[in-house]
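1. from the sequence below, what's the structure:
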Amino acid sequence: MRSGWRIGMSLIITIGITLGIPGLSSGAASAPASAVIKEWRILWSDAGEVPDRAPPEGEIWVEGSARISEHSKPQSKTSAWIHMKLPDISSSSQGILIDKLHGQQVAVFAGERKIYESARTYNYELNHILLPLHEDLSGQDLYVWLETARDHIMVDGKIVIGPYHELLNRFVRSNLGDIILGSAFLFIAFVMLICAVFLNNKYLVAVLSLAFTILSVGILVFTYSPFLYTVFEEYGNIFTHMYDISLLVLLPSFSLFFEKIFGHGWKGMLHKLRNFQVFYSLFCILFLIANQLAANQWFGLYYFFSVQVLGVVMILQFTLLIGSSMYFAIKGNRDAVIFNAGFAAFAVIGLGELLQFFLSRGSYNLFLWKWGVVVFIVSLIVILGRHFAKNHERILQYSKELEMFNNELQRSEKMEIISELAASVAHEVRNPLQVTRGFLQLLMGKAKAAEREYLDLALVELDRASGIITDFLTFAKPEFGKDTVLQISDEFKHIEGILAPLAHLHGGKITVDIPEDLAVRGNSSKFKQAFINIIKNSIEALQEEGVIQIRCYQKQGRVYIHVVDNGEGMGEDVLARLGEPYFSNKTKGTGLGLMVTFRIIEAMDGSIQFTSKKGVGTDAVITLPAAYE
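-> Model (predicted):
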């Protein structure tokens, strides 16, 4: 215990040496070089007193060395002595560092004098022992007594003798990575927990699950490090409980995050796994509390459930999540690819260390997993960030679609009003117009030549009014008659024959590229009427050397017909209003022709989309369901 407090009091100086603070590292530079003890002896014995050089009958010293780190323990023995010879000590500032010594209870003797003792009541056997050595210990025998429940006695690290502050610096450096890494994880987790307060329910579960995952990993890194148990040995029981609880929180939190990002999995396997882990973690935590209340009487059973069974559960979880993420990655999920990259680093190391832990019957010290965790946690944060960005893009897309649907709704309401008005008024207006036209034709026969000019003008305007009424009726209720299969190439041959002379008059030409096997269902006359209106608009927009290209193709059960011209084009403001009644960018246009065209195409379960650029031309894309695939 006194050695532990001495280490704690020296930490400020050591961290200064570690970070290279001026004035603190100058003394270490002139210190003698360190020496490594590579040979020692091991004696299996239950005796609590320092053994003589000649051990009792039936007990023998076994030679050990740095090349042989593991020594099997006889069944009848519970403890062992490690003997080594101290070299000559020429300075009062010397020390000894015994790195990675496994034992539940440890004591160090210089000759017959005890200079260190650690009696742990909790399940953590990894010891880092750093002791000062005075000159009076020069050349003496050093005995290390340890007691363990393991099947092996292990000396994993080196036994180094050198300047005390240099060894302290080495000890801190070896654990500084754990301190920084654990602190970084805890900081990130607390920031995420604070941010989660301001999130809505849609993101709350994903952020909280990742925050608890990172928080658990940070506590695991801290409490697994030997630094805390060496400096604050009296709180070791708390640290081990924190480690167990963090691991039990980590597994369901991690599964919940995976489930929120990728879904419930095949037949809900991920959801079932998460539910099982929640109940199993609660069971282990309650068992931990009960074992503490019972003065650690059920530790063996608790160890079985919280270490051995939990290790198997972790292996199954890793295997299932790896398989699921690979499945999602093959399906093209980019988040799964990122998850696989990070999880591969963690899972391969984690699985390897878990297997090594079980193969060594619990003697293996897991230490590589935390570096795989760093890569994996970064990948999880990247996935969560992508999840936020994707949802933000979705919101923007929904806003655009909502605006489009709102505009479409307003247009539909306008069309519905016009449709009802047209249906109720058109027939009533057409009858008096026809009567008026008949009487004007009778007057034409009796009128003088000067009067006929005015009568002709009146008839032309009556015919124009009749045409508008006809368009109204077509818009209000497009009468298709009997639907038939229309061969698109045949229909456009007729349309081209009608409109080619008009295109020549405007100095342009029409080219048609339509395969023979494309067909749609509809009424031939209405189909022609719709496309005549569209192509006629293109002809009227042509300039010098104008070309109208008509091409057609089929894709995924839909027929796409493009009418492309290189005319004067339209601006965004005009494109937005196409199809509105009485809107036209032509001098004598009423806007009803294109309105009727929209209605005909919609009645055929099709759609029209215009793209245009001022001075470049217009591309009208008409989509109709194919008659057969």
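2. spatially nearest residue to S118 (excluding sequence neighbours)?
-> V106 (4.7 Å; CB to CB, 6 or more residues apart in numbering). Yep, even glycine has a C-beta here, placed from its N, CA and C like the rest.
3. can I take it that the one you found is in a strand?
-> Yes: V106 forms part of a strand when assessed by DSSP: H, G, I helix; E, B strand; the rest coil.
4. that one: how many residues sit nearby?
-> 22 (other CB atoms under 10 Å).
5. what bridges to it?
-> Here V106 sits in beta bridges with S118, L146, going by DSSP bridges.
6. ok, it - contacts?
-> Residues in contact with V106 (CB atoms under 8 Å, 6 or more residues apart in numbering) are 116-118, 127, 129, 144-147.
7. try it again with 7 Å
-> Counting by CB atoms under 7 Å, 6 or more residues apart in numbering, V106 touches 118, 127, 129, 144, 146.
8. now do the phi/psi pair for L199.
-> phi -90, psi 150 (degrees, to the nearest 10).
9. please, which helix or strand holds the closest residue to it other than its chain neighbours?
-> Once flanking residues are discounted, L199 sits nearest to V207: 5.9 Å by CB to CB, 6+ apart. Element membership for V207, per DSSP states H and E: helix 201-224.
10. and P625, by the same measure?
-> P625 is part of strand 617-625, with elements assigned from DSSP H and E.
11. parallel or antiparallel, which strands does that strand pair with?
-> strand 558-565 (antiparallel), strand 607-613 (antiparallel).
12. and the lengthiest helix in the chain, how far out from the chain's middle?
-> Of all segments of type helix in the chain, defined using DSSP state H, the longest is helix 369-446. Centre-to-centre, helix 369-446 and its host chain are 34 Å apart (CA atoms, centre = their mean, to the nearest Å).
13. which other helices and strands contact it?
-> Helix 369-446 sits against helix 164-196, helix 201-224, helix 236-262, helix 334-359, helix 449-476, with contacts defined as 3 or more CB pairs under 7 Å, 6 or more residues apart in numbering; DSSP states H and E.
14. same for the fourth one, what does it pack against?
-> This means helix 334-359. helix 310-330, helix 369-446.
15. run the angle between that helix and helix 310-330 for me.
-> Helix 334-359 runs at 150 degrees relative to helix 310-330, counting by axes from the mean of the first three to the mean of the last three CA atoms, to 10 degrees.
16. buried ones in helix 334-359?
-> Using 16 or more other CB atoms under 10 Å as the test for burial, helix 334-359 gives 335-336, 338-347, 349-351, 353-354, 357.
17. show the average pLDDT along stretch 289-304.
-> Taken as a whole, stretch 289-304 has a mean pLDDT of 83.
18. and it, how far apart are its ends?
-> 15 Å (CA to CA, to the nearest Å).
19. just the buried positions in it, please.
-> Neighbour counts over stretch 289-304 (16+ other CB under 10 Å) mark 291, 298-299, 302 as buried.
20. next, format these as JSON lines and append distance to Q434 and secondary structure.
-> Shown next, in JSON lines, are those (distance: CB to CB, whole Å; DSSP: H, G, I helix; E, B strand; the rest coil):
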{"residue": "N291", "distance to Q434": "101", "secondary structure": "helix"}
{"residue": "W298", "distance to Q434": "103", "secondary structure": "coil"}
{"residue": "F299", "distance to Q434": "105", "secondary structure": "helix"}
{"residue": "Y302", "distance to Q434": "100", "secondary structure": "helix"}
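21. which of these sits closest to L137?
-> Proximity of the buried residues of stretch 289-304 to L137, judged by CB to CB, is greatest for F299, which lies at 37.6 Å.
22. pretty sure the closest one sits against A290.
-> No: the criterion here is CB atoms under 7 Å, and F299 misses it with A290 at 11.2 Å.
23. quick check, pLDDT for F475.
-> pLDDT, F475: 56.
24. the one 5 residues further on too?
-> The predicted local distance difference test score for F480 is 52.
25. excluding chain neighbours, give the residue nearest to D483 in space.
-> R521 (5.2 Å).
26. packing partners of the host helix or strand of that neighbour?
-> Here R521 is covered by strand 519-522, with elements defined by DSSP H and E. On a contact count with 3+ CB pairs under 7 Å, 6+ apart, strand 519-522 meets strand 484-487.
27. what's downstream of the strand it packs on, the next helix or strand?
-> Going down the chain from strand 484-487, the next helix or strand is helix 488-505, by DSSP H and E.
28. any buried residues in that following helix, and which?
-> By 16+ other CB under 10 Å, the buried positions in helix 488-505 come out as 488-489, 491-492, 495-496, 499-500, 503.
29. please apply the same query to stretch 435-444.
-> Under 16+ other CB under 10 Å, the buried positions of stretch 435-444 are L440.
30. what's the most buried one of the helices and strands packed on helix 334-359?
-> The highest mean neighbour count among the helices and strands packed on helix 334-359, using mean count of other CB atoms under 10 Å, belongs to helix 310-330: a mean of 17.
31. just to be sure, W81 is in a strand?
-> Yes: counting by three-state DSSP, W81 is found in a strand.
32. what does the model give it for pLDDT?
-> In this model, W81 is scored at 86, pLDDT.
33. picking that back up, contact partners for the residue nearest to D483?
-> Counted by CB under 7 Å, 6+ apart, R521 has contacts 483, 485-486, 627.
34. let's see it at 8 Å
-> Counting by CB under 8 Å, 6+ apart, R521 touches 483-486, 604, 625, 627.
35. which one among those gets closest to Q94?
-> Among those, and counting by CB to CB, the member closest to Q94 is P625, at 91.2 Å.
36. what sits against the closest one?
-> So P625 contacts 520-521, 557-559, 604-606 (CB under 8 Å, 6+ apart).
37. also I129?
-> Going by CB under 8 Å, 6+ apart, I129 touches 3, 96-98, 101, 106, 108, 116, 118, 144, 230.
38. can you tell me the centre-most residue of this structure?
-> Relative to the mean C-alpha position of the chain, the nearest C-alpha, by CA atoms, centre = their mean, is the one of I383, at 2.4 Å.
39. ok, for that residue, nearest residue in space, not its chain neighbours?
-> Spatial nearest neighbour of I383, excluding adjacent residues (CB to CB, 6+ apart): D335 at 4.9 Å.
40. same deal with D178?
-> Nearest non-adjacent residue to D178, counting by CB to CB, 6+ apart: S225, 3.8 Å away.
41. number of residues surrounding the one you found?
-> S225 is flanked by 23 other residues according to other CB under 10 Å.
42. likewise for L486?
-> Neighbours of L486 (other CB under 10 Å): 20.
43. do you know how far K114 is from V50?
-> 9 Å (CB to CB, to the nearest Å).
44. of these two, give the one with the bigger neighbour count.
-> Set K114 next to V50 and count neighbours by other CB under 10 Å: V50 wins out with 17 against 13.
45. quick revisit: neighbour-wise, which of the contacts of P625 leads?
-> In terms of neighbours by other CB under 10 Å, the contacts of P625 top out with V520 at 26 neighbours.
46. show me what the residue lying closest to that residue once chain neighbours are set aside bridges to in the sheet.
-> Distances taken as CB to CB, 6+ apart put L624 closest to V520, at 4.6 Å, once the chain neighbours are dropped. With DSSP bridges as the criterion, L624 is bridged to V559.
47. ok, A530 touching G606?
-> No: using CB atoms under 8 Å, A530 is not in contact with G606, being 9.1 Å away.
48. common neighbours of these two, please.
-> Counting by CB under 8 Å, 6+ apart, the residues touching both A530 and G606 are I622.
49. where in the stretch 51-200 of the chain is pLDDT low?
-> Scanning the stretch 51-200 of the chain for pLDDT under 70 picks out 52-59, 64-73, 150-157.
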